[in-house]
Structures are given as structure tokens and as C-alpha cells.
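Student: how would this look folded up:
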Amino acid sequence: VKCIELLKEFKRQSPLASDDLVKENDELQRNFHIVAEENAANSANVEYLTKNLQLLEERMMELSSTHKLLQEEADNLRNVLGEKGKLIGELQELNDKLRVVADDTERTEDASETTSVVSMTS
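Tutor: Predicted structure coming up:
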């Protein structure tokens, strides 16, 4: 209010200079409003970006936790596969031993039959 009164007083004293000052004041006020609008828009953008950053941080924490669980599960699966491989190896060894026993049994049976046939013919 005091500025306006001073401008009016100045305008009465110097009409040309006061017109220039009024125009400059009007432009300064327009610029002030533009800056205020831009500041409000920037503040809204900062708020939006801050919220998005918080959401991203939360999501990263979730993903980190999920990644850790997946790594643990992968380790468990590797252990299971390792145990399964050991069991398969043991089963193959047993299978080989059973084949040897079966072959020995078959040879023994063949030998018994041959012995039986020989003793029957004698």
C-alpha cells in the first residue's frame, strides 16, 4: 500500500518517469506471478518425485528380500541335486553289484544244470 502511495506521489511529480515505473512495476508483478506459478509446479514435481522415490525404495527392499529368498532356494535345490546325484551313483553301484550277482547266479545255475545232465547221463 505504501509503495502504491509513493508511486502516485511520484507520478504527480514526474508523469513520464512514473509511467515508466508503473510499466516496470506491472512487468515485475507479472514476472513475480510467473515465478510463483513455476515454483508451485516445481514443488508439486518435487513432491511427486519424492513419493516415487519412496515407492522405488520400498520396491527395491521387496526385490532384495525376494532375491535373497530365491538365492536360498537355489542353494537348497543345488544341495538336493547334489544328494540326488550321490544317490544315483550309489544306485548305479548297487545295480552293477546286482548284475554281478545275477551273472554269478546264472553261471551257477548253468553249472548245476550241466552237472545234473552229466550225472543223469552217467
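Student: Output the below-cut-off pLDDT ranges for the protein.
Tutor: 1, 7, 10-18, 114-122 (pLDDT under 70).
Student: What helix or strand is the residue positioned nearest the centre of the chain located in?
Tutor: Centroid check for the chain by Cα atoms, centre = their mean gives residue 63 as the closest residue, at 4.2 Å. Per DSSP states H and E: residue 63 is located in helix 15-121.
Student: Give the other helices and strands that that helix contacts.
Tutor: helix 2-13 (3 or more Cβ pairs under 8 Å, 6 or more residues apart in numbering; DSSP states H and E). Where you see a C-beta, it was placed from the backbone N, CA and C, and this is true even at glycine.
Student: before we move on, the earlier item: distance check, the residue nearest to the centre of the chain against residue 55.
Tutor: 12 Å (Cβ to Cβ, to the nearest Å).
Student: do the same with residue 76
Tutor: From residue 76 over to residue 55 (counting by Cβ to Cβ), the distance is 31 Å.
Student: do residue 64 as well
Tutor: 15 Å.
Student: And the residue nearest to the centre of the chain, how far from residue 70?
Tutor: Taking Cβ to Cβ, one finds residue 63 at 10 Å from residue 70.
Student: Likewise for residue 84?
Tutor: From residue 84 to residue 70 the distance is 20 Å (Cβ to Cβ).
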